[in-house]
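> Requesting a structural model of the entry that follows:
(2 chains)
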Amino acid sequence: MRARSDFFRRLSAVRRLRASLRGWGGVGAMAVVCVLAVAFVLLLPLTQSRGEAGTALGGQRTVQGTQARADNCTDSTAQNLSPAPSDAEGDTIKAIKARGVLKVGVDQNSYRWGYRDPNSASGDLAGFDIDLVTAIAKDIFGSSYTAQSVQFLAIPTNERIPAIQGKRVDMVVRTMTINCDRLKDVAFSAPYFLTGQQVLAPKESTITGYNSSLAGKRVCSAATSTANKRLNYDKTHHTIPASVDILTPVPNQLDCLVELQLGQADAVVTDSALAASQAAQDPTVELKGKPFTTEYYGVAMNKSATDLVQRVNRILETYRTSPDGWRASYTKWLLPTLGKDSSSADPPTPHYK
Amino acid sequence: MTQPPKSSTAPPGSGVPTMPVLPQQSSRPGAPAPRRTPDATPARRTALAEGVDRLRAAATTEPGRLRAIGALLAVLVVAFGAVTAWQTDSRATAADDVLHHSQPLSSDAADIYRSLADANTMAATGYLAGLQETTATRDQYELDIRTAAAKLVTAAANADPGSSSATTIRQLNELLPEYKGLVESARANNRQGFPVGGAYLRAANDTMQTKMLPKAQDLYKNENQRLSADYADATPYPWAAIALGVLALGGLAWAQRRNYQRTNRVLNQGLVAASATTAVVLLWVVVGHTVARAGLNDSYDHGVKSLNVLHDARIASLKARSDENLTLVSRGAETHELADGTVMDAYDWGYDQEIAALGKGLTLADSLADDSAGRGPVAVANSSMTVWIARHKKVSEANNAGDYQKARDGVIGTGDATAECFKSVDASLDKALDHETKEFQRSAGDGLDAMTGLTVGAAVLAVLGAAGAVLGIGRRLSEYR
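Sure thing, here's the model as predicted:
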């Protein structure tokens, strides 16, 4: 009797031990799985990120990047990669004609380029870029062109490429510089304007250009702009004095003019076209020195819309030479601030792929 | 030794051989007092020890005990009166502060907050209208700025020097002209057709929304804390006074019972009067405070809480309106990236946030409103907001389709524009605020009224009660003389 109960007691003790061991075993197994999962997640990017570190947008861009790289793109010749002009009508142009409306992404805040005159009753957009859009639309639609043939969409700078890729717009004509990075995502027309980064400062200022005269001065630039990148690069590489005070970048280049006028900045660095636009709004400031980079503006379109790109290039050919084309627009919008001796005063000569 | 009369009718002097009663009562000032002349004391002891001895000796005699009881009762009743007067006075002062000081200041702070937000909305609306800017918009903007400036002066006068409110007011005073300068620059540039005007307007809006409005909100919160503190001072029961009152009443009851047991007399008029006044004061304190508390708590629950929610909702509607205007003024100039990587126009995003806040605020305001007069305007505001959201959707569609003119007409036009909805929301909230302010004033006023006269009444009655107790005991004491 006693022996039997003793046996049972022992048996239940063993069972309890086993149960508790099983419990711990389960927890242990789970812990091991968790550790493995975490390690896997942490190590996974390492195995894949070669050559693409920091790009959050994933695979698609990598593929396109390789394609662009295969074209041997360099930024100084990126403007020469547009296809030769052609009048052929492919799917894109046919679709636009069927729709009856050309959708164009533009800026509504760049004076003399694309802006809305608050004093015009209609509130229509006007400027150098807008003139070009009108010329393109007139050519595509021909005799059926009306004021309603173009739908202007004001899009932010950082939305230019997504808008084209998402086909929300047929093209973007918005002071957009042609470069290799962008060529990965969109196609560009032949260049329609030559520009370059330039310094804008009050006429009375001692600043003479992008040089040592910037020493100790507060310089404004827009966030993620070429100007901001160049300023930071040149400061660390001692091309410009170390005492240059690069101000916190502002959301929009126009905010730099506000800082300049309020005396919070001594100079602005932006491309000469936009600097000219700023100077046009304030007679007390002017462009200083020569542009220290060479950049070209192009009309950006979807990579698949080759027929449209070729057509725009054809339109640009006539636009450059026609008396009421490029030169008339330059005279109207840009001559007062850029002058007739500027390197921008003539349309750039195109080179095709 | 002295034996207190056990039977009630025993005449004084029958068994009191040691204490001559009469000589003391008719003693003339010049005559030396014959009692207690311990001239043969060998050595003087300390005054304290002597006093204690004397007290101990007195406590052994009935008149001595009666004197002590009388003094104790008088002290208790007077202390009760004094503590009651003190505690009710501090509560009445706090309640008065709620009604006449901290709530108006909190309301002033809310006005500053609202005026600033409204000025910003008017500036954006006027800018968007350009040449068509109406005199009404311009006047409203100027009025808002003046209101904010004037109320800042009031707030400064009422802020303790060195307090966080004082700092906030100073900063707001510095920012106000800066803001106005930016708005005027925006206007001047806009008149010349320069887009930099839009950048100035964005700078002004940024100054307002990221610097001034948060400070105005802080000020408002500070004033609300002061209001809550005043409520906390005004509403608790005066427990010390109540405890003393109960103790005094108990003491009086005990004294009368003792009196009855010793003398078989049921009523001692003085003690009864003392008990009655003490009971009246005690009752007055308890009932008065209960009523006052009810009024004050009601004014908080139905007034202050509703006012806070309505103020917040109004600010949200104002911010939504200025963002809606700015979306058209500076479309594409600033962007906001969502958590999922989607990029939105910063002002479009701001509008979405504020409209959501407005919706939440209105739901809360509806649940807090306690009558149809309060619920009515909130319901109107809610339905106007629904229409606003629907119209704004059309505006967004027009704007996204590049139809700027249609979008602009949809925002500041005359027919079916969101302007109408915003105005209706604002007017309804104004009406609701007005109603809740009245509710607050009525409830808090009722509460304050319940405490009227309590301080003085308690003091006077307590003195009377103490006098009654002393007279009552004195009457009993006189039987020994």
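> can I assume residue A:153 sits in a helix?
No. Counting by DSSP: H, G, I helix; E, B strand; the rest coil, residue A:153 falls outside a helix, being strand.
> Please name the nearest non-neighbouring residue to it.
residue B:402 (4.6 Å; CB to CB, 6 or more residues apart in numbering or on different chains). Backbone N, C-alpha and C define where each C-beta goes, glycine included.
> Check residue A:246 too.
Closest to residue A:246 by CB to CB, 6+ apart is residue A:231, at 5.0 Å.
> tally of neighbours for the closest residue to residue A:242 other than its chain neighbours?
Spatial nearest neighbour of residue A:242, excluding adjacent residues (CB to CB, 6+ apart): residue A:235 at 6.5 Å. Neighbourhood size, residue A:235 [other CB atoms under 10 Å in any protein chain shown]: 18.
> any idea of the mean pLDDT in the strand or helix carrying residue A:164?
Element membership of residue A:164, judged by DSSP states H and E, is helix A:160-165. Helix A:160-165 shows a mean pLDDT of 92.
> Tell me which residues are up against that helix.
If you take CB atoms under 8 Å, 6 or more residues apart in numbering or on different chains as the criterion, helix A:160-165 is touched by A:105, A:153, A:155, A:169, A:171-172, A:174, A:176, A:182, A:185-186, A:300-302, B:343.
> Swap in 7 Å and give it another go.
A:105, A:155, A:169, A:172, A:174, A:176, A:182, A:185, A:186, A:300, A:301, A:302 (CB atoms under 7 Å, 6 or more residues apart in numbering or on different chains).
> again with stretch B:381-394
B:324, B:355, B:358-359, B:362, B:410, B:416, B:418, B:421-422, B:424-425, B:428-429.
> low pLDDT regions in chain A?
Residue ranges of chain A with pLDDT under 70: A:1-71, A:121.
> Can you pull the residues of the stretch 151-300 of chain A lying near chain B?
Proximity of the stretch 151-300 of chain A to chain B (CB under 7 Å from any CB of the partner chain) is limited to residues A:151-156, A:158-159, A:251-252, A:254-255, A:257-258, A:281.
> Out of these, which end up buried?
A:151-156, A:159, A:251-252, A:254-255, A:257-258, A:281 (16 or more other CB atoms under 10 Å in any protein chain shown).
> now stretch B:218-238, how far from the centre of its chain.
Distance of stretch B:218-238 from the chain centroid (CA atoms, centre = their mean, to the nearest Å) equals 5 Å.
> quick one on the thing from earlier: would you say the residue nearest to residue A:153 is within a strand?
No. Counting by three-state DSSP, residue B:402 falls outside a strand, being coil.
> residue contacts, it?
Contacts of residue B:402 by CB under 7 Å, 6+ apart are A:151, A:152, A:153.
> farthest-separated two in the buried ones among the residues of the stretch 151-300 of chain A next to chain B?
The most widely separated members of those, counting by CB to CB, are A:151 and A:258 (30.2 Å).
> Leaving out the residues flanking it, which one is nearest to residue B:83?
Residue B:83 sits nearest to residue B:241 (CB to CB, 6+ apart), 4.6 Å away.
> scratch that, residue B:361 is what I was asking about
Nearest one to residue B:361, counting by CB to CB, 6+ apart, is residue B:313 at 3.1 Å.
> What strand or helix carries the one you found?
helix B:305-329.
> pLDDT of the helix or strand just after that helix, averaged?
As assigned by DSSP H and E, the chain's next helix or strand after helix B:305-329 is strand B:335-337. Summarised as a single mean, pLDDT over strand B:335-337 is 84.
> Who does strand B:335-337 pair with, and is each partner parallel or antiparallel?
strand B:343-345 (antiparallel) (DSSP bridges).
> Could you list the residues of the stretch 101-250 of chain B in contact with chain A?
B:130, B:131, B:190, B:193, B:194, B:195, B:196, B:198, B:199, B:200, B:203.
> Tell me which two of these sit farthest apart.
Of all pairs in these, the most separated under CB to CB is B:131 and B:203 at 22.0 Å.
> Those two: which is more packed in?
Per other CB under 10 Å, whichever of residue B:131 and residue B:203 has more neighbours is residue B:203, with 22 against 10.
> wait, what's in contact with that one?
Per CB under 7 Å, 6+ apart, neighbours of residue B:203: A:258, B:182.
> Around chain B, which positions in the stretch 1-150 of chain A sit nearby?
Near chain B, when you scan the stretch 1-150 of chain A using CB under 7 Å from any CB, you find A:107, A:108, A:109, A:110, A:111, A:115, A:116, A:117, A:118, A:119, A:122, A:123.
> who touches the residue nearest to the fifth one when sequence neighbours are not counted in this structure?
So that's residue A:111. Counting by CB to CB, 6+ apart, the nearest residue to residue A:111 once its immediate chain neighbours are dropped is residue A:277, at 4.5 Å. By CB under 7 Å, 6+ apart, the contact set of residue A:277 is A:110, A:111, A:112, A:113.
> Distance-wise, check residue A:277 relative to residue B:52.
100 Å (CB to CB, to the nearest Å).
> ok, back up a step: looking at the residues of the stretch 1-150 of chain A next to chain B, which is nearest chain B?
residue A:118 (3.8 Å; CB to the nearest CB).
> what's across from residue A:188 in the sheet?
Taking DSSP bridges as the rule, residue A:188 bridges to residue A:300.
> That one contacts residue A:82, doesn't it?
Yes. Using CB atoms under 7 Å, residue A:188 is in contact with residue A:82, at 5.8 Å.
> Residue A:250 versus the residue lying closest to residue A:239 once chain neighbours are set aside, what's the distance?
Nearest residue to residue A:239, sequence neighbours excluded (CB to CB, 6+ apart): residue A:233, at 7.9 Å. Distance, residue A:233 to residue A:250, using CB to CB: 19 Å.
> Looking at the two now, which is surrounded by more residues?
Using other CB under 10 Å as the criterion, residue A:233 and residue A:250 rank with residue A:250 on top: 24 against 11.
> The residue nearest to residue A:111: helix or strand, and which one exactly?
Per DSSP H and E: helix A:272-279 holds residue A:277.
> Output that helix as PDB, restricted to C-alpha atoms.
Taking Å, rounded to 0.1, in the frame of the first residue of the first chain, the C-alpha atoms of helix A:272-279 are listed here in PDB:
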ATOM      1  CA  SER A 272      20.400  81.200 -63.300                       C
ATOM      2  CA  ALA A 273      16.900  80.800 -64.800                       C
ATOM      3  CA  LEU A 274      15.300  80.800 -61.300                       C
ATOM      4  CA  ALA A 275      17.700  83.400 -60.000                       C
ATOM      5  CA  ALA A 276      16.600  85.600 -62.900                       C
ATOM      6  CA  SER A 277      13.000  84.900 -61.900                       C
ATOM      7  CA  GLN A 278      13.800  86.100 -58.400                       C
ATOM      8  CA  ALA A 279      15.700  89.200 -59.600                       C
END
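> roughly how far out does that helix sit from the chain middle?
For helix A:272-279, the distance to the chain centre is 18 Å (CA atoms, centre = their mean).
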